[in-house]
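In: Predicted model and sequence below, questions to follow.
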Amino acid sequence: MNLYEAKKVTIITEKMILKGVCDIIDKCGASGYTVVPAGGKGSRNIRSTSEHASVIDDFANVIVETIVKDIDTADAILKQTSEKYFNNYPGIAYIEDVKILRPTKFKL
Amino acid sequence: MNLYEAKKVTIITEKMILKGVCDIIDKCGASGYTVVPAGGKGSRNIRSTSEHASVIDDFANVIVETIVKDIDTADAILKQTSEKYFNNYPGIAYIEDVKILRPTKFKL
Amino acid sequence: MNLYEAKKVTIITEKMILKGVCDIIDKCGASGYTVVPAGGKGSRNIRSTSEHASVIDDFANVIVETIVKDIDTADAILKQTSEKYFNNYPGIAYIEDVKILRPTKFKL
């Protein structure tokens, strides 16, 4: 089976800025994204209200992930998200290599 | 500590075909899988009812991930899932390299 | 844009040992972690009560992920979690390579 190289961008941040992050992903040319509710504890200790993340009471965070065709698109999403939000909101962003099945799904 | 190379297969699709996807994973020889509810927006715009994914109201998607021993097993899961479902259901599938602790857990 | 190499550690296990796993992550020097509720089916068939994971009724599992600066820190988290819990609790643990934006967030 033919597999194609692509990049997965993951952004973990507060739910309140989810719409803005999704807008950036859209504008950078990604064909979609997936959103998962999450709890957690961050370097500024403001990602949850308790010392340890409670998976029952606290879903103030979201994980947003998107598959994009190349590192430049992934870079653009990270850069714009960081510049717009990460001075004022907690957030983690990272890029991973993935192999995908259907390149046409991701505007390769 | 000894770490072992393995593959992680991730399939993001609609909840309604979760059982079928899990059956494929089982039959391909994986020893288990993990399921996470998710929202999202896909290339066909049918992965959520609103323009932006709502993490509160919309968990119509699921992320299914499994760790398998080699690329052939990962390929088989992707291929069978794609052939059976991805003409009629939205879905993303990808493979990543992971390092694992306990190879016996994954039938290496 | 400058990106930095880092390691993502993922531990999937039962919710009841979440606090202990988070303590290990903290003590190993990670600056934070993210927690996601999950269902699943494991190699010992004790990760869910039904044959197939139900994403509606069964969130007895959690996915805990953390980004750390190097493989030694990642190794330490996996080793301590495994030694303390994985003889008595079901669990999966793996390490992935990631590229991150802000190394200062992760005590690089």
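Out: Received, thanks.

In: near chain B at all, the one helix or strand residue A:8 maps to?
Out: If you go by DSSP states H and E, residue A:8 is part of strand A:4-14. Yes - with Cβ under 8 Å from any Cβ of the partner chain as the criterion, chain B is reached by strand A:4-14 at A:6, A:8. Quick note: C-beta positions are derived from backbone N, CA and C, even for glycine.

In: Tell me who's in contact with the closest residue in space to residue A:79 that isn't next to it in sequence.
Out: Leaving aside its sequence neighbours, residue A:79 sits nearest to residue C:1 (Cβ to Cβ, 6 or more residues apart in numbering or on different chains; 5.2 Å). Residues in contact with residue C:1 (Cβ atoms under 8 Å, 6 or more residues apart in numbering or on different chains) are A:75, A:78-79, C:101.

In: Could you turn the buried ones of those into a ChimeraX selection?
Out: Here is the ChimeraX command that selects the buried residues among these (16 or more other Cβ atoms under 10 Å in any protein chain shown):
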select /A:75,78 /C:101
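
In: The longest helix seen in chain A packs against which elements?
Out: Under DSSP state H, the helix in chain A containing the largest number of residues is helix A:71-85. Contacts defined by 3 or more Cβ pairs under 8 Å, 6 or more residues apart in numbering or on different chains; DSSP states H and E place helix A:71-85 against strand A:4-14, helix A:18-27, strand A:61-68, strand A:91-100.

In: Single out the most deeply packed of these.
Out: Of the helices and strands packed on helix A:71-85, the one with the most neighbours on average (mean count of other Cβ atoms under 10 Å in any protein chain shown) is strand A:61-68, at a mean of 25.

In: which helices and strands does that one pack with?
Out: strand A:4-14, helix A:18-27, strand A:33-41, helix A:71-85, strand C:33-41.

In: Find the residue ranges of chain A scoring beneath the pLDDT cut-off.
Out: Counting by pLDDT under 70, chain A has low-confidence residues at A:43-59, A:103-108.

In: For it, what lies in contact range of chain C?
Out: A:12, A:36-43, A:47, A:52-53, A:55, A:61, A:63, A:75, A:78-79, A:82, A:86, A:92-97.

In: picking that back up, in terms of distance to chain B, which of the contacts of residue C:1 ranks first?
Out: For the contacts of residue C:1, the minimum distance to chain B (Cβ to the nearest Cβ) is 18.1 Å, reached by residue A:78.

In: so the closest one makes contact with residue A:9?
Out: Yes - using Cβ atoms under 8 Å, residue A:78 is in contact with residue A:9, at 6.5 Å.

In: Touching both of those two, which residues are there?
Out: Common contacts of residue A:78 and residue A:9, defined by Cβ under 8 Å, 6+ apart, comprise A:93, A:95.

In: Please name the residues that touch residue A:11.
Out: A:21, A:63-65, A:77-78, A:81, A:91-93.

In: Could you rerun that using 7 Å?
Out: A:21, A:64, A:81, A:91, A:93 (Cβ atoms under 7 Å, 6 or more residues apart in numbering or on different chains).
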